[in-house]
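**Student:** Pasting the sequence and the predicted coordinates here, then a few questions.
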Amino acid sequence: MDDELNILRDVFRMLPTGVTVQDEHGRFLLVNDAAAVQLGIAADGPATQPSPELNHRRQTGLELLRTGRAAVAEEHATRGGSKQVFLTAHRPVRIADRNLLLSSSADISEQKAVEHHLFRSAHHDELTGLPTRRAIERRVNSLLQRETHGRFALAFLDIDNFKHINDYYGHPVGDALLVEMAKRLGLDLRESDILSRISGDEFVLLLNPIQNDAEVEEYIDFILQRLKAPFFIDQSEIFASTSIGVSLYPEHGRSYEVLRQNADIAMYRVKNSSKGAAAFFDASMEREALARMKIEQSLRLAILEKRFCCAFQPKVDIRTKDVKGIEALVRLRDDEGVIQAPGTFINLAVELGLIDELTHLVLAEIVKSIDLINETFGPDTTISINVAAKQAGNPEFMRPFAEALEATGFPRRFLIEVTEDAFVTKTHFQDEILPIFRKLGVGISIDDFGIGYSSLSALADITADEIKIDRSFITDIHKRPRSQGILRAIESLSEALGMTVIAEGIETFEELAYLQAATKIRYAQGYYFSRPIFLEELKPAIPLANEARANLASRPAQESRPAFSRAGSYRR
């Protein structure tokens, strides 16, 4: 019998769960080893200096024994600098005519740590440590629910050209920039203010309370000035401006969603104008946003209804007037059949992720009309299709697009026009995508050269077939010596690298005459030769081709360009 009691005593002492037995006077009759560590007492009796955990357990036990009820509660203990959490179950029992409290504690520290991590992940951004969208929304809603609350401001902040920074420097540098940006934005905030990162490069700042508009304006201007200083990351000096939109409670909304949306609208006003500045919301911005939404809806409907069409503009040999190639330009017919210029919808199509489908529609239109294209411009002319920089670096679009070009049966006639940043940013285009098009025989053209992020030295690493000099260098070239110097430099480098030069935007005889007399440039494009031509305009004019060429031959060189007729001022 004694052996069995000894075994039971040893088992009780070595249980991993902390167990204590307490009488109605607060004395601990039994304490196993795990409970002794938790409560800071010896297994055979209380410590000389009772720990806070021991005092708390004693008081809890006395109360539960007095009321005769059971309870389950979390208990916290600090040992050796580490914090532990225990889940303790208390149960009053009556044994041998004595009222006793049986308590057992399980260590749930790891579980609580996981719960804390999950809670923090849900309410704090993992990269910057800032509160998330949910956290700032809860804070604003709690302000709005109070019976008495003053005015506050909500600022929506978006880093300008962040995608370019990510593409050029790489995502690790982009992430580091976000961290440093969060630090700068968080300086000098009051305890009642809150800064939140709500998405990739977007932040929301709550300024609470505020006294007047001038106070907010002064602080936002202070933020903008602070952000003008460069960021030094990974041995790179990075300048990153931020566009800010501000809404005020209660003038601009009485809910978080309305206030955030209006601050967002104000921010986009800045994005579409100066960038790196701030704007306060006003009613006119809301009208603009509604108009933009209407355009967006019309754009989506136009794609479904296939109301896009193609116009073609020739690339002309300025010495012989022969047509070297044509550029396919997408146009939109609105509900009333009026042609809309691409400036009203191309950027929006890129932003909304609709540009891929639009590009495939252009290719389909070319394939459908190839016989008419051949008859009009000649069967050997190249056909250029514009591809946005966002598309160029996306293998998920470019690989299927290359397959679609191959499926036409004449991929070698195509030129893909991309802007120069498709080459110089760290995307998949140069290393992965370009070889696919080279294998098919598809040419590559650099569009709008000279206004992007690269420099002339970047040409050495670019394997393109054609460079299109942006029209900003060509306009009034005969009057602008500095542009003439830049033009000669681009011409020399491209000639050395074996690339054809196209001058874009020729509109006057004087511009053409300068190119003919002062440069070796052979090819140009612009309204001087022909405006973009719609295929339906060509169909009734086909029999007049020879007559149109005859009219061209008799035209004096300095005569103003005539209204367009088939073949206009060019020939094939």
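**Tutor:** Cool, got the structure.

**Student:** Buried ones in stretch 258-268, by neighbour count?
**Tutor:** Residues of stretch 258-268 classed as buried: 259, 260, 261, 262, 263, 264, 265, 266, 267, 268 (neighbour count, 16 or more other C-beta atoms under 10 Å). Heads up, the C-betas are built off the backbone N, CA and C, glycines and all.

**Student:** quick one: it to chain centroid distance?
**Tutor:** Offset of stretch 258-268 from its chain centre (C-alpha atoms, centre = their mean, to the nearest Å): 17 Å.

**Student:** what residue ranges in this protein score low on pLDDT?
**Tutor:** Applying pLDDT under 70 to the chain flags the ranges 1, 42-49, 80, 118-123, 147, 334-341, 343-344, 424-427, 450-461, 538-572.

**Student:** For the buried residues of stretch 258-268, work out which two are farthest apart.
**Tutor:** The largest separation in the buried residues of stretch 258-268, counting by C-beta to C-beta, is between 259 and 268 at 15.3 Å.

**Student:** which one's the longest helix in the protein?
**Tutor:** The residue-count maximum for a helix in the chain (DSSP state H) belongs to helix 283-304.

**Student:** so what secondary structure elements neighbour that one?
**Tutor:** On a contact count with 3 or more C-beta pairs under 8 Å, 6 or more residues apart in numbering; DSSP states H and E, helix 283-304 meets helix 256-271, strand 323-333, helix 346-351, helix 355-368.

**Student:** can you list these in TSV and add distance to residue 132?
**Tutor:** Shown next, in TSV, are the helices and strands packed on helix 283-304 (distance: least, C-beta to C-beta, whole Å):
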stretch	distance to residue 132
helix 256-271	13
strand 323-333	39
helix 346-351	24
helix 355-368	30
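
**Student:** For residue 166, state which of the buried residues of stretch 258-268 is nearest.
**Tutor:** residue 267 (19.5 Å).

**Student:** Quick check: the closest one touching residue 160?
**Tutor:** No: counting by C-beta atoms under 8 Å, residue 267 does not reach residue 160; the two are 10.6 Å apart.

**Student:** residues shared between the contacts of the two?
**Tutor:** Taking C-beta atoms under 8 Å, 6 or more residues apart in numbering as the criterion, residue 267 and residue 160 both touch residue 243.

**Student:** What is the burial count for residue 192?
**Tutor:** 12 (other C-beta atoms under 10 Å).

**Student:** give me every residue that touches it.
**Tutor:** 208, 209 are the contacts of residue 192 under C-beta under 8 Å, 6+ apart.

**Student:** same check, this time on residue 187
**Tutor:** So residue 187 contacts residue 226 (C-beta under 8 Å, 6+ apart).

**Student:** now it: how far from residue 180?
**Tutor:** 11 Å (C-beta to C-beta, to the nearest Å).

**Student:** Any buried residues in stretch 229-247, and which?
**Tutor:** 231, 233, 238, 240, 242, 243, 244, 245, 246, 247.

**Student:** got those residues as CSV, with secondary structure columns?
**Tutor:** CSV is the format used below for these (DSSP: H, G, I helix; E, B strand; the rest coil):
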residue, secondary structure
231, strand
233, strand
238, strand
240, coil
242, strand
243, strand
244, strand
245, strand
246, strand
247, strand
